[in-house]
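Colleague: sequence plus predicted model, see below.
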Amino acid sequence: IDAIPINYDLIINRNCDFEFVKGFSYPVVGSSIYLLNSEMINRMYNQKIAEKLGTDPSKTVDDARADPRLGIIKMFQASKTIIPIYVDFEKLTRYHFGVFAFTGGGKSNLMSNILRRILLHSDNTKVIVFDISCEYVFLLLDLLADMNVPAKVVLEHKIDSLEQFFNSVVKPREYEVDERIKAGLQCIIEQGKLAYYTRPKQKVPTYSQFLDELTAQRKDSVDKPHYMNAIDRIHDAILEYVENHGLSENQEVNEDFVGYINEFATETIQQFKVHEKSGLYAWATTRAAIVDIIRKKHEKEKEEVGGLTAEKIRELLESEERLICISISDPFTIKDLVITLTQDLLIRRKRKFQVKPYILLVFDEAQEFIPEMGSSIGIDKKCSKQVETLLRQGRKYGLGVCLATQRIAYLNTNALQQLHTYLVGTLPRPYDRALISDTFMIDKGILEKTLEFAPGEWLLSSYIATGIENVPIFIKADNAENEIEKYLKETA
């Protein structure tokens, strides 16, 4: 028998009451050894969580609406004893989690399984899925089509027919030509839950861009002290306006600001005798032109019917919507949306000191959103840096993150270190397993066991969301396709 310490002691008093205490007592040579039975394993992992969720683990069922379990503990799978596994959804969401497995390991199935239970068994959590693979419309079809679940599907382009919608959704092989799916998609259309993303046609500058443009003017003005004085004065005026109005430098400028800074900049260049043929003079006297850009942007937004900008998606999250599925396959478009939306959410939460409702941002194919920083350039690097910032700061403001990928070696390791819960499936590459072992402090011997996993089997460990902290457990997750099949039969 192989035994691996889990750094907990089972303390039993004279009245046979017990508790698990974090620590490690060295076994005495020659003393008796006892194996924990199924009931004790159940209590160890589930007692605290089940009480919080208000569920009875002894009456567990494979039904997402009736039971919030993720699956069953694998070590008792061969016997007739079924031990469910529960997690604290609030802590799982707020303190970030990751799902890692090779292609075909069931990542998306598990993710939809978790998201479904979060939405069904918690009242104060919203979910937004950045679905670059376009498969979550199918995997969450029962929820998206449920009139009691406020939801929105945001596609890359406008959809004109049910057939077009059906063809745009990626489905498992056995469901690729299943006509029953159209009934659920029709419900989504009829309930007004279908929209498409509209990138802003007019790009309005932010306050930080104003400051950057001023900084660029310094290069041509180093030998002109009075020009430098003018730049400093305008720079300070911008910062003062932002501070006095409770704004953020990453926000787009508004008409009031443009009017104010146009008048202030014009007055300043006259005061400091800036030459009318200089670049600084041209910059300062053309700020009023930005008002036209702002107005054209607002006019375009009014013309768009059904199209959602990043700002409108953020407004949906702040309203009644509980589930937003953004199915956009173009990497540049979805990364640009991630950058804009996450910046806006974090800034607004900070300004309001807001924590609830919790918002879980899900990044499937996470290597697209948080690639390793050293080899990234352009929008890839900017997106990775922004999601890392969200992981570092988000939990203070109720913004949780879920990452799922098959190639953990390609991810930003600074971002990975912010995860408090992780589920690991089969990872055949030794480097991926070594990185998980080093990042999450898990024994390599335990990770080697994952090579024997079938699809749907996972190693679960958490610093905070399970009934007993940082103790790995092998589980068999419930199959999300069972929920979809049940829904399709009911609506057929």
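Modeller: Thanks, I have the structure now. Keep in mind it's a predicted model, so treat the numbers as computed, not measured.
Colleague: show me the contacts for the residue lying closest to residue 121 once chain neighbours are set aside.
Modeller: Distances taken as Cβ to Cβ, 6 or more residues apart in numbering put residue 68 closest to residue 121, at 4.0 Å, once the chain neighbours are dropped. Yep, even glycine has a C-beta here, placed from its N, CA and C like the rest. With contact taken as Cβ atoms under 8 Å, 6 or more residues apart in numbering, residue 68 is in contact with 53, 55, 86, 89, 117, 120, 121.
Colleague: three-state assignment of residue 10?
Modeller: Secondary structure, DSSP: H, G, I helix; E, B strand; the rest coil: residue 10 is strand.
Colleague: show me the contacts for it.
Modeller: Contacts of residue 10 (Cβ under 8 Å, 6+ apart): 18, 19, 20, 36, 40.
Colleague: show me which of those are buried.
Modeller: When those are checked for burial by 16 or more other Cβ atoms under 10 Å, the buried set is residue 20.
Colleague: so where is this structure shaky, pLDDT-wise?
Modeller: 1-2, 4, 76-79, 200-202, 301-306 (pLDDT under 70).
Colleague: for the spatially most central residue of it, phi and psi?
Modeller: Closest to where the C-alpha atoms of the chain average out (Cα atoms, centre = their mean) is residue 361, at 2.2 Å. Main-chain dihedrals, residue 361, degrees, to the nearest 10: phi -100, psi 120.
Colleague: residues in a beta bridge with it, which ones?
Modeller: residue 128, residue 401 (DSSP bridges).
Colleague: ends of stretch 122-131, how far apart?
Modeller: 22 Å (Cα to Cα, to the nearest Å).
Colleague: do stretch 146-164 as well
Modeller: 21 Å.
Colleague: in it, what's buried?
Modeller: Under 16+ other Cβ under 10 Å, the buried positions of stretch 146-164 are 146, 149, 150, 151, 152, 153, 154, 155, 156, 159.
Colleague: do the same with stretch 220-237
Modeller: 221, 224, 227, 228, 230, 231, 233, 234, 235.
Colleague: cool, stretch 31-45 as well?
Modeller: Quick answer for stretch 31-45 (16+ other Cβ under 10 Å): 41, 42, 43, 44, 45.
Colleague: need those residues in CSV with distance to residue 346 and secondary structure, can you?
Modeller: Below are the buried residues of stretch 31-45 laid out as CSV (distance: Cβ to Cβ, whole Å; DSSP: H, G, I helix; E, B strand; the rest coil):
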residue, distance to residue 346, secondary structure
41, 40, helix
42, 39, helix
43, 39, helix
44, 37, helix
45, 34, helix
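Colleague: ends of stretch 452-467, how far apart?
Modeller: 25 Å.
Colleague: same for the longest helix along the chain, what does it pack against?
Modeller: Longest helix of the chain, by residue count under DSSP state H: helix 331-352. Counting contacts by 3 or more Cβ pairs under 8 Å, 6 or more residues apart in numbering; DSSP states H and E, helix 331-352 packs against strand 125-130, helix 310-317, strand 358-364, helix 378-393, strand 399-405.
Colleague: now do it and strand 358-364, the angle between them.
Modeller: 160 degrees (axes from the mean of the first three to the mean of the last three Cα atoms, to 10 degrees).
Colleague: now helix 331-352: buried residues?
Modeller: Neighbour-count burial for helix 331-352 [16+ other Cβ under 10 Å]: 334-347, 349.
Colleague: now stretch 43-61
Modeller: Result for stretch 43-61 [16+ other Cβ under 10 Å]: buried residues 43, 44, 45, 46, 49, 50, 53, 55, 57, 60.
Colleague: contacts made by it with the rest, please.
Modeller: Counting by Cβ under 8 Å, 6+ apart, residues outside stretch 43-61 touching it are 20, 36, 42, 67-69, 72-73, 82-89, 121, 466-468, 473.
Colleague: regarding that stretch, how distant is the last residue from the first?
Modeller: Using Cα to Cα, the two ends of stretch 43-61 sit 17 Å apart.
Colleague: check which residues of stretch 238-254 are buried.
Modeller: 238, 241, 242, 247, 248, 251, 252, 253, 254.
Colleague: circling back: would JSON lines of the helices and strands packed on helix 331-352 with distance to residue 292 be doable?
Modeller: As requested, these are exported to JSON lines (distance: least, Cβ to Cβ, whole Å):
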{"stretch": "strand 125-130", "distance to residue 292": "33"}
{"stretch": "helix 310-317", "distance to residue 292": "19"}
{"stretch": "strand 358-364", "distance to residue 292": "35"}
{"stretch": "helix 378-393", "distance to residue 292": "27"}
{"stretch": "strand 399-405", "distance to residue 292": "35"}
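Colleague: got TSV for the buried residues of stretch 31-45, with distance to residue 418 too?
Modeller: Converted to TSV, the buried residues of stretch 31-45 look like this (distance: Cβ to Cβ, whole Å):
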residue	distance to residue 418
41	30
42	31
43	31
44	27
45	24
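Colleague: which of those residues sits closest to residue 204?
Modeller: residue 45 (51.5 Å; Cβ to Cβ).
Colleague: what sits against residue 330?
Modeller: Applying Cβ under 8 Å, 6+ apart, the residues near residue 330 are residue 156.
Colleague: wait, which of the contacts of residue 10 is closest to residue 387?
Modeller: residue 20 (35.4 Å).
Colleague: which neighbours does the one helix or strand that closest one maps to have in its sheet, and in what orientation?
Modeller: Per DSSP states H and E: residue 20 is located in strand 18-22. Partners of strand 18-22 in the sheet, by DSSP bridges, are strand 8-12 (antiparallel).
Colleague: ok, the closest residue to residue 170 other than its chain neighbours - contacts?
Modeller: Ranked by Cβ to Cβ, 6+ apart and with sequence neighbours excluded, the top spatial neighbour of residue 170 is residue 135, at 4.2 Å. Residues in contact with residue 135, defined by Cβ under 8 Å, 6+ apart, are 108, 169, 170, 171.
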